[in-house]
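Peer 1: Need the 3D shape of this:
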Amino acid sequence: MNYLDGLAQVRRQMDRFVVGHNDVKEALMLGLIAREHIYLEGPPGTAKTMLAEITSEAAELEFFFYQLHRDTRLAELVGDTVIFREQEEGGEIIRQMNRKGGILTSQICVLDDISRSPGEALNVLLRVLNERKYGGDPIPLLTAIATGNPTKEDYYNEPLDPANLDRFTLQMKTLGLVGRNHWEDAAQVIDLYASTSSNVREVDEKVDRAALDAANTAMPKVDLTPAVKQLVLEFLNVLINDYGCDDKNSMLTDRTFLVKAVKILKSKAVLEGRDHCVPEDMFVMKYLTTFRIPEELHDRIEDIIAELLRKKKIVPDESEEIEQMSQAQSEEQSEGEPRTDYSAQEAAVDHRKQQMELGEMIQQTLSPNAEDGGDNSEMNLDQE
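Peer 2: Alright, predicted model coming up:
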């Protein structure tokens, strides 16, 4: 099985059991390809843990789930410490060893309510996640998914320290379908669970681990391209110099936006079966800015990226499209042979041109006639 088929199978299983939440699904896929950790913040019951479980089942990966709490002990995350005695010349020596468990033996793990973990356990946990080692020994972990409830009084939850939060490359806020007013998706969920067969979740398509390894191996070979590299730098320049992001209100670290961002951009290309990045891949930056820039600015991040692409002439505006279409039609007339191979985009642009011309004609009709001094104020024409 090639890696594209494997990734497609994992996504099909996500879509089969979870309706909507497409951004979360894509973030999980990107994290799996890039082997980066993910932080999801949202109220309970929004499919955060379920999506992680489906991913691990579809890819046949070892899964570990732990609900963190104020009294979490490190042994609950990494396994028990065993103390034993050994006889040696001259006496008895007491030794200790770690019986590995939890995140040390899993390939995907969910760490629920991570901000509730006490400082001692959290510091060791984050170091293990960052280094992928414990006691000098490598661990098999591919992706850790940490979750947290909204930092509101209703949930008695404290925000994760920004420096600790920065350890999770991909970050997202997620709401339920009801909270987002996604009523069509909500209706599909009701239909899904109204059937008796949906009460038991059984992933029927399994992906060989080799396919996921192949996707991760393909990721570094993707060509970032000079155009996308320049867009990354200009994107950061816009956030800092146009929108006032600095070390007081944001966390735009070199590690995240010059190193990790490149991996996520390349993973997006792998996910779509390309060997090079394209400018539109820049929209994955929304998964990196969620808690790293002011909330009101992050809410506009897709518009900011779209505007950047338009300025670089990557997303042409409507007037440019119409001008290009008019030039093509003029060339047809000069050649004397009408075209018959219009694309859907060309047809749409031609339609918009006709609408604009019609609007101009109506506007002229509604305006007073300069030649005869007539008054058209009584005409009740609907310009639309």
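
Peer 1: My reading is that Phe283 lies in a helix. Confirm?
Peer 2: Yes - assigned with DSSP: H, G, I helix; E, B strand; the rest coil, Phe283 falls within a helix.

Peer 1: What about it, how many residues nearby?
Peer 2: Neighbours of Phe283 under the rule other Cβ atoms under 10 Å: 14. In short, each C-beta sits where N, CA and C put it, glycine included.

Peer 1: which residues does it contact?
Peer 2: Counting by Cβ atoms under 8 Å, 6 or more residues apart in numbering, Phe283 makes contact with 302, 305.

Peer 1: how about a cut-off of 6 Å?
Peer 2: Ile305 (Cβ atoms under 6 Å, 6 or more residues apart in numbering).

Peer 1: Ok, Tyr287 next?
Peer 2: With contact set as Cβ under 6 Å, 6+ apart, Tyr287 has these partners: 27, 170.

Peer 1: helix or strand for Val232, which one?
Peer 2: Per DSSP states H and E: Val232 is located in helix 226-237.

Peer 1: Next SSE downstream of that helix?
Peer 2: Scanning onward from helix 226-237 (DSSP H and E), the first element met is helix 254.

Peer 1: Which residues does whatever helix or strand comes next after that next one contact?
Peer 2: Next along the chain after helix 254, taking DSSP H and E as the criterion, comes helix 261-271. The contact list for helix 261-271, computed with Cβ under 6 Å, 6+ apart, reads 29-30, 33-34, 215, 218-219, 222, 277, 281, 284, 288.

Peer 1: for stretch 71-86, same thing?
Peer 2: Outside stretch 71-86, the residues within contact range by Cβ under 6 Å, 6+ apart are 92-104, 117, 121, 124-125.

Peer 1: How far off centre is it?
Peer 2: Relative to the centre of its chain, stretch 71-86 is centred 36 Å away, using Cα atoms, centre = their mean, to the nearest Å.

Peer 1: try stretch 226-239
Peer 2: Counting by Cα atoms, centre = their mean, stretch 226-239 is centred 19 Å from the centre of its parent chain.

Peer 1: So what touches that stretch?
Peer 2: 245, 257, 277, 279, 282.

Peer 1: do that again at 10 Å, thanks
Peer 2: With Cβ atoms under 10 Å, 6 or more residues apart in numbering as the test, stretch 226-239 has contacts from 224-225, 245-246, 250, 252, 257-258, 261-262, 265-266, 269, 276-282, 285, 289, 292-293, 297, 301, 304-305, 307-309, 311-312, 314.

Peer 1: Show the buried residues in those residues.
Peer 2: Buried residues within the contacts of stretch 226-239, counting neighbours by 16 or more other Cβ atoms under 10 Å: 225, 245, 250, 252, 257, 261-262, 265-266, 269, 277, 279, 281-282, 285, 289, 292-293, 297, 301, 304-305, 308-309.

Peer 1: before we move on, the earlier item: show me the two of the contacts of helix 261-271 that sit farthest apart.
Peer 2: Within the contacts of helix 261-271, two members stand farthest from each other by Cβ to Cβ: Ala218 and Leu288, at 21.2 Å.

Peer 1: In the stretch 101-250 of the chain, where is pLDDT below threshold?
Peer 2: Scanning the stretch 101-250 of the chain for pLDDT under 70 picks out the ranges 151-159, 196-201.

Peer 1: which of the residues in stretch 104-123 are buried?
Peer 2: 104, 106-117, 121-122.

Peer 1: all strands of the chain, in order?
Peer 2: Residue ranges of the strands in the chain, as given by DSSP state E, are 38-41, 63-67, 79-88, 91-100, 108-112, 133-134, 137-138, 143-148, 170-173.

Peer 1: got CSV for those, with distance to Asp23 too?
Peer 2: Output for the strands of the chain, formatted as CSV (distance: least, Cβ to Cβ, whole Å):
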stretch, distance to Asp23
strand 38-41, 10
strand 63-67, 22
strand 79-88, 34
strand 91-100, 34
strand 108-112, 18
strand 133-134, 31
strand 137-138, 31
strand 143-148, 14
strand 170-173, 7
